[in-house]
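A.B. asks: Compute the structure for the input listed below.
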Amino acid sequence: MITTAPLFYSRGLNVTQLVQYALGVFEPPAVDVVEFDDQDGGVVERELAVPFLRGMDSVVVENAKLQLRSKPREMEIDDYQVSEPGGQPGIIVRLPRISRLLKIAIDFTVPPEFAAQTVRIVVRNAQPQQAGGFTFSPPVYAAPDFDSPGPMFSKTLTGLSRTNTSTGAVLGFPRPLGEAWLLQLATGDDAVKLNAIAVNPTVRYVRIDAVPQNLTLAIRLADESPQLWSHPQLFLPEAGVQDVDFSPLAQKRLSEVLKEADPTTAVTLSLGLEFKSDSGGDVSIASRTLDARYHVDAIGADGQNRRLGGDWTPLDINAPAALRPVKVAADITVRPTGRELNAASPEPPLDRPSRGLRLQQDTLVAGATTFTAPVAERLADSPLVSARVYVSSRVASEVVLELRADAAGAPGAPVAPPVVRQFEPGFSGWAEFELESPWTPPAAQVDLWACVRTNLGEVLWYAAPGEESGAGRLVSLDRGASWGAADEALALNGPLLVQLFHSVPDPQPEPTVRLHRGGLLLSSNVLRAGSNAPVRQGPREFVLQGASLPHAVSNLLASAQGSEKVTTAMSLFSRAVADLQITRLLLEYDPFQASATGN
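C.D. replies: Okay, here's the model as predicted:
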């Protein structure tokens, strides 16, 4: 899960500021409060986003949520109405909607006959009637208020503050919720003996504790703006924190944005949010969540199919350069064929061989090799089934391979009939010769010779590069009647490349598949790199879902240089011959990795 808070900003942020914000080097003015400055409300637009990463195939939204809380603000309004109550002195102040009243500033003049008395400002609730007019409650506030009538009573009609001015007074209310109020001047030393005097004040200003009314939140999609959440009437603080979960719509919209984004100019992957209110007020964003991950399909929709067994098998991963995936997961099916590189046969060299011996019709070349039975007590369970040699053919050729027993350090009698293969011009690599029938060795370990010649054309049999030993190579010019060392001009520094394979009885053991980058071991077994383990589906099939490749693979991909997707070449190796199918290779990226690394 992503722990970095998503970006949340006004659409008015310029590109330079947005880039710096996405990189974590600039913090824009706080926008965690959505402000409706106008008394009639309006629309406020915000962007909830994650940084844009180039080269991504898709985005997956796990959670998209906001927590909203009402945040009242003192606001002076001018759309109130003032009227006279009719039949009695005073004025009615009617607000445009039910609101919490904060202040009313009034001007008035006290008649001279009341100059020696305490003149109080009295406030009563005015209830509008459908037929017109108002009904009035008894006084609810008076300023000044009345002293406590006794030790067990509180003050009467208290709660209204009064600040006298040169022309009247400013009344401070304890945020009562209502729509209309009757203001009167009155005299009387007892709350039940108040008498209004014939004064109709004038109003200088009215201020309320404004909160949004009929608040809605919508998300901008390509062709619509569906509503995510609404709160009818006043969004009062008493409503508490409101949870808004819009994960499905966020998934839809961010997928659209990613598809439409111009990678040369895009800075963020954003959700356009629209807050709308019928009145002024503020909304606090108590928390914001946008848990999103980018995904890259590193091997294509068709996957990759590879034949493993005794050689370095290429595995290419196509991924964005210089970005580190937080997860590399693969769905793998491996089907052993029932053959395995014999333990006595060495692994092939990492580098392509470049030197070898030339084979022609009149030249029979022999390379020494050894066969070791996997289980000495059960020789017949794992007989020899094939041999491979590393050759190249410039012209069309027909090659004959024959396995012979060792006779005092030279090829002796054949242990199996010769095997013939044809090669097209330009062939180069391991050439496998399958025996007509499996050969069971007479002992747990036997020395053999792979003898190769041509019936047609000419091939080059390569030797292992970098080896110092020159033993184990013989040449015969009389079809094996006699053997001698190769000419000095043709002498090599290493043994001729030959591999032997034995059969493996069912049920097949789980193969070990290594992952390399040149000489660097990335994983000793990709089938066991994570917490998941392959599941056997039969005697010759293993299925692994969501295999997690090690961090070394992520490090390697992150070190790739370039501005777009690049291909990173790796190699698989297994001694077991098996068909490997990678149906999915998913790379997962944290959108905030650029800001975390400073890239």
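A.B. asks: gap between the residue nearest to Asp506 when sequence neighbours are not counted and Pro591?
C.D. replies: Excluding the flanking residues, the one nearest Asp506 by Cβ to Cβ, 6 or more residues apart in numbering is Pro539, at 4.2 Å. (C-beta placed from N, C-alpha, C; glycine too.) Per Cβ to Cβ, to the nearest Å, Pro539 is found 45 Å from Pro591.
A.B. asks: sorry, back to before: show me the contacts for the residue nearest to Asp506.
C.D. replies: Asp506, Pro507, Gln508 (Cβ atoms under 8 Å, 6 or more residues apart in numbering).
A.B. asks: what does Asp189 give?
C.D. replies: Thr118.
A.B. asks: tell me the pLDDT at it?
C.D. replies: As predicted, Asp189 sits at a pLDDT of 90.
A.B. asks: Unless I misread the structure, it falls within a helix.
C.D. replies: No: applying DSSP: H, G, I helix; E, B strand; the rest coil, one finds Asp189 to be coil, outside a helix.
A.B. asks: quick one, strands of the stretch 151-300 of the chain?
C.D. replies: Using DSSP state E, counting those that start in this stretch, the strands of the stretch 151-300 of the chain run over 161-164, 168-172, 177-187, 195-196, 202-210, 213-219, 227-234, 242-245, 268-277, 281-297.
A.B. asks: So which elements touch the third one?
C.D. replies: Under the contact criterion of 3 or more Cβ pairs under 8 Å, 6 or more residues apart in numbering; DSSP states H and E, strand 177-187 touches strand 91-107, strand 119-128, strand 134-143, strand 195-196.
A.B. asks: Next, the buried residues of it.
C.D. replies: Gly178, Glu179, Ala180, Trp181, Leu182, Leu183, Gln184, Leu185, Ala186, Thr187 (16 or more other Cβ atoms under 10 Å).
A.B. asks: Mind pulling the model confidence for the residue nearest to Asp506?
C.D. replies: pLDDT, Pro539: 96.
A.B. asks: next one: the one 3 residues further on
C.D. replies: If you check Phe542, the pLDDT there is 97.
A.B. asks: Check what pLDDT Glu467 gets.
C.D. replies: Value for Glu467, per-residue pLDDT: 54.
A.B. asks: likewise the one 4 residues further on?
C.D. replies: pLDDT, Ala471: 63.
A.B. asks: ok, now Met1?
C.D. replies: 39.
A.B. asks: cool, Ser595 as well?
C.D. replies: 47.
A.B. asks: same deal with Val25?
C.D. replies: On the pLDDT scale, Val25 gets 76.
A.B. asks: How about Glu488?
C.D. replies: Glu488 is given a pLDDT of 47.
A.B. asks: repeat for the one 4 residues further on
C.D. replies: At Leu492 the predicted local confidence, pLDDT, stands at 57.
A.B. asks: now swap in the one 10 residues further on and tell me
C.D. replies: pLDDT, the model's per-residue confidence, is 97 for His502.
A.B. asks: related to what we said a few turns ago, just the buried subset of the contacts of Pro539, written out for PyMOL, thanks.
C.D. replies: In PyMOL, a selection of the buried entries from the contacts of Pro539 looks like this (16+ other Cβ under 10 Å):
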select buried, resi 508
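A.B. asks: so which of the contacts of Pro539 would you say is closest to Glu45?
C.D. replies: Gln508 (61.2 Å; Cβ to Cβ).
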